[in-house]
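Asks: any chance you could fold what I've pasted below:
(2 chains)
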Amino acid sequence: MSLTELRPASHRQAPPPKNVKTRSWLYRFDNKTVPYIFISPFFILFGIFGVFPLIFNGVVALRNWRLDDPTLTGWAGFANFSRLLSDEDFWNALGNTFGIFILSTVPQLLIALIIANLLNRKLRGNTFWRIGILLPYLTPVVASTLVFAIFFARDNGMANWFLSLVGFGEETPLDWRAQKWSAWIAIATMVNWKWIGYNALLYLSAMQAIPKDVYEAAAVDGAGPWRQLWRITVPMIQPVVVFTVILSTIGGLQLFNEPMMFDENPQSASGGSAHQFQTIAQLIYKVGWKDLDLGYAAAMSWALFLIILIVAGINTLLTRRIGGDR
Amino acid sequence: MTRTYVNRAPQDTRGSWLTYVSLGVVLLFSAFPVYWMFVISTSTDEAVAQIPPSVIPGAEFLTNASEVFTLNEVFFAASLINSVLVSAVITLSTLFFCSLAGFAFAKLRFRGRNALLVVVVLTLTVPSQLGIVALYIVMGKLGWNGTLLAVIAPGLVSAFGVFYMRQFIAHAVPDELVESARIDGALNMRVYWNIVLPAIRPALAVLGLLTFVMAWNDFQWPLIQLNGTDFPTSMVALSDLASGNYVIYRRVLAGAFIATVPLIVLLLIGGRQIVRGIMEGAVKS
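Replies: Numbers count the residues shown, from 1 in each chain, chains lettered A, B, ... in the order given. Sure, this is the predicted structure:
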């Protein structure tokens, strides 16, 4: 019975052949090809403007490539790289970059941890506090650095006024830009200001994912909240700590905006009168677009890339080691 | 005695007055530079040079702002329009392309899907800033150097965006919904437009806000491209304003404050979303 009913039905349902062909072609296309069309804009655009330049940079680094003298081309071999080794500006910038990096990363992450711990309780106005500490993250560095430049000004600067309150530098106010150590502190302050709230939110989100019974099980010999933070919370959020260490390594070693805008003449990219606070990213900009030597700037970029890889690796190991001994 | 205290997880502990005072101090530190930016932008030269520094706004904001806008060689008004344009195009393009790719990675089956997704995740950590020298040469070959196009193009998509969208769509859009729409004869583009897009509005808001902020604040690449042209972005115009032999603080800071206002507005409107986006990003990565 069912057979007799089925046969004519299937016959009746068959649409005109031409329509079937185009429709099935369309659906096959939609199944097989369209997914690739959906993901291709990302891969094409990111390939051209993200990945390719990074690789092509290696080629440029091995060539003579000057913007002011297009005739001077050809392979330079490793000349750009060997020039790095004896370039005082490069080593000076490397020292500055690391100095500022350490002065900014360590306090930044520690303070962020403490703030996250403060936020990780039952609070009135939860969202208000979280949004509030994000204000620095949104503020353009170019704009905020201009304020900090006034804060750290030699004459009539607020920082010097605070120092004079505790009896320091009343006769000769501190010229923050003049020495390495003071310029580094000033710039590190700006970096810390910008990133503490952001990192605190990252830590907070990890802290809230810690199961509550971990605390209940671990609370034995009357550890106060402070020990609770270091003994339980920090080891539990260690993956995020590693993540923030890597993030701030990548960001900190490429520091550009703050030292640029802290300069009395930002457009010069010199990082102070004697390059006291010139970072590598700044030097790359200067070599490439002020000295117009793209080949050498590319070599410097590759060196920085290598340095970031090494430092990120070391920092990851260190963080794992420190957090690992529970 | 202390034992009952410790037994509780911190998130169940009520904040003490000390917690609130500490957070208040943190908030003060966070907000003060922005507030002071505003104060200086409303002050006279004398008030700026005062010791101890004045922390009360003056009445000169309009004077200072109009000076910034009328400086011919800085192109401040044009720079604000350019910044809006650049950030808006980058944001819309990122939202569209990243959600499209995120949809494909989350819901469509195709050969090489997992391998390609791994590629996306790997590119998350690529510091593409280190490729700027070669990027400049690429833009030169395209003939785009010194144009807004060169500033916009590298920002059109982001690996983070694709990954974030994939994660969100995987959870927010039920497989059955996609399947039944397909059985009803809907093509993938229709499924994306009618089912996926409405379901991921919160994620679009988060990614859109974060992308806009990043595009607006970008400095190094726009500086390379637009320095010395008469159509800079606002960050490039600010650096121009702050350069030179004689810098007038109240004027520079008026410019800085005006260029910060759009972001403060965004924080007031979408602060909740921005906070959520950052905190979700942490859990997923």
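Asks: okay, and the nearest residue to residue B:68 once chain neighbours are set aside sits in which element?
Replies: Distances taken as CB to CB, 6 or more residues apart in numbering or on different chains put residue B:255 closest to residue B:68, at 4.5 Å, once the chain neighbours are dropped. (C-beta placed from N, C-alpha, C; glycine too.) Assignment of secondary structure by DSSP states H and E places residue B:255 within helix B:249-284.
Asks: buried stuff in stretch A:144-158?
Replies: Of the residues in stretch A:144-158, A:144-153, A:156-158 count as buried by neighbour count, 16 or more other CB atoms under 10 Å in any protein chain shown.
Asks: report the distance from the helix holding residue B:255 to the chain centre.
Replies: Chain-centre distance of helix B:249-284: 8 Å, with CA atoms, centre = their mean, to the nearest Å.
Asks: so for that helix, what gets flagged as buried?
Replies: Result for helix B:249-284 [16+ other CB under 10 Å]: buried residues B:249-260, B:262-263, B:266-267, B:270-271, B:273-282.
Asks: how about stretch A:85-98?
Replies: Neighbour-count burial for stretch A:85-98, counted by 16+ other CB under 10 Å, picks out A:87, A:89-90, A:92-94, A:96-98.
Asks: roughly how far does residue B:115 sit from chain A?
Replies: The spacing between residue B:115 and chain A, counted by CB to the nearest CB, to the nearest Å, is 12 Å.
Asks: residues near that residue, how many?
Replies: By the criterion of other CB atoms under 10 Å in any protein chain shown, residue B:115 has 8 neighbours.
Asks: before we move on, what about residue A:318?
Replies: By other CB under 10 Å, the residues close to residue A:318 number 12.
Asks: now do the helices in the stretch 101-250 of chain B.
Replies: In order along the chain, the stretch 101-250 of chain B carries the following helices (DSSP state H, counting those that start in this stretch): B:113-123, B:132-142, B:148-152, B:159-172, B:175-183, B:188-191, B:197-199, B:201-217, B:220-226, B:234-241, B:249-284.
Asks: can you put those in CSV and add mean pLDDT?
Replies: Output for the helices of the stretch 101-250 of chain B, formatted as CSV (pLDDT from 0 to 100):
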stretch, mean pLDDT
helix B:113-123, 91
helix B:132-142, 94
helix B:148-152, 96
helix B:159-172, 92
helix B:175-183, 91
helix B:188-191, 94
helix B:197-199, 94
helix B:201-217, 94
helix B:220-226, 95
helix B:234-241, 93
helix B:249-284, 88
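Asks: quick revisit: report the contact partners of the residue nearest to residue B:68.
Replies: The contact partners of residue B:255, by CB atoms under 8 Å, 6 or more residues apart in numbering or on different chains, come to B:68, B:74, B:76, B:237-238, B:241.
Asks: ok, 10 Å please
Replies: Taking CB atoms under 10 Å, 6 or more residues apart in numbering or on different chains as the definition of contact, the neighbours of residue B:255 are A:142-143, A:146, B:41, B:64-65, B:67-69, B:71, B:74, B:76, B:79-80, B:234, B:237-238, B:240-242.
Asks: for residue A:269, see how far away it is.
Replies: Distance from residue B:255 to residue A:269, counting by CB to CB, to the nearest Å: 20 Å.
Asks: also residue A:249?
Replies: Counting by CB to CB, the gap from residue A:249 to residue A:269 is 23 Å.
Asks: with residue B:262 instead?
Replies: 27 Å.
Asks: again with residue A:171
Replies: The separation that residue A:171 has from residue A:269, given CB to CB, amounts to 33 Å.
Asks: neighbour count winner among those two?
Replies: Neighbour totals were compared for residue A:171 and residue A:269, and residue A:269 leads with 22 against 5 (other CB under 10 Å).
Asks: now do that one, the pLDDT please.
Replies: Turning to residue A:269, the model gives it a pLDDT of 87.
Asks: the helix or strand harbouring residue B:40 - contacts with which helices or strands?
Replies: Per DSSP H and E, residue B:40 falls inside helix B:17-41. When contacts are defined as 3 or more CB pairs under 10 Å, 6 or more residues apart in numbering or on different chains; DSSP states H and E, helix B:17-41 sits against helix A:88-119, helix A:126-133, helix A:135-138, helix A:141-151, helix A:180-208, helix B:45-48, helix B:61-70, helix B:249-284.
Asks: adding distance to residue B:190, write these out as a markdown table.
Replies: Compiled in a markdown table, the helices and strands packed on helix B:17-41 are given as follows (distance: least, CB to CB, whole Å):
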| stretch | distance to residue B:190 |
| --- | --- |
| helix A:88-119 | 43 |
| helix A:126-133 | 37 |
| helix A:135-138 | 37 |
| helix A:141-151 | 43 |
| helix A:180-208 | 36 |
| helix B:45-48 | 60 |
| helix B:61-70 | 47 |
| helix B:249-284 | 28 |
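Asks: for residue A:309, find the nearest of those.
Replies: Smallest distance to residue A:309 across the helices and strands packed on helix B:17-41 (CB to CB): 14.8 Å, for helix A:88-119.
Asks: mind checking how far the closest one is from the chain centre?
Replies: Worked out by CA atoms, centre = their mean, helix A:88-119 lies 12 Å from the chain centre.
Asks: so for that helix, mean pLDDT?
Replies: Here the mean pLDDT over helix A:88-119 is 95, rounded to a whole number.
Asks: compute the inter-axis angle for it and helix A:180-208.
Replies: 40 degrees (axes from the mean of the first three to the mean of the last three CA atoms, to 10 degrees).
Asks: what about helix A:88-119 and chain B, touching?
Replies: Yes. In this structure, helix A:88-119 sits against chain B according to CB under 10 Å from any CB of the partner chain; the contacting residues are A:111, A:114-119.
Asks: out of those residues, which are buried?
Replies: A:111, A:114-119.
Asks: wait, which of those residues is closest to residue A:264?
Replies: For residue A:264, the nearest member of these is residue A:111. The distance, counting by CB to CB, is 29.3 Å.
Asks: so for the closest residue to that closest one other than its chain neighbours, what pLDDT did the model give?
Replies: Of all residues beyond its chain neighbours, the one nearest residue A:111 is residue A:196 (5.2 Å), with distances taken as CB to CB, 6+ apart. pLDDT recorded at residue A:196 is 96.
Asks: residue B:22 is nearest to which of the helices and strands packed on helix B:17-41?
Replies: With respect to residue B:22, and counting by CB to CB, the nearest of those is helix A:88-119 at 5.6 Å.
Asks: and the angle for the helix holding residue B:40 with helix A:126-133?
Replies: The directions of helix B:17-41 and helix A:126-133 differ by 40 degrees, with the same axes, to 10 degrees as the criterion.
Asks: now the end-to-end length of stretch B:62-82.
Replies: 22 Å (CA to CA, to the nearest Å).
Asks: what lies in contact with it?
Replies: Where contact means CB under 10 Å, 6+ apart, the residues beyond stretch B:62-82 that reach it are B:40-44, B:58, B:60, B:148, B:151, B:222, B:226, B:229-238, B:240-241, B:243-244, B:248-259, B:261-262.
Asks: so which bits of that stretch are buried?
Replies: The neighbour-count criterion (16+ other CB under 10 Å) identifies B:64-65, B:67-68, B:71, B:74-76, B:78-80, B:82 as the buried residues of stretch B:62-82.
Asks: residue A:33: neighbour count?
Replies: The tally of other residues near residue A:33 (other CB under 10 Å) stands at 12.
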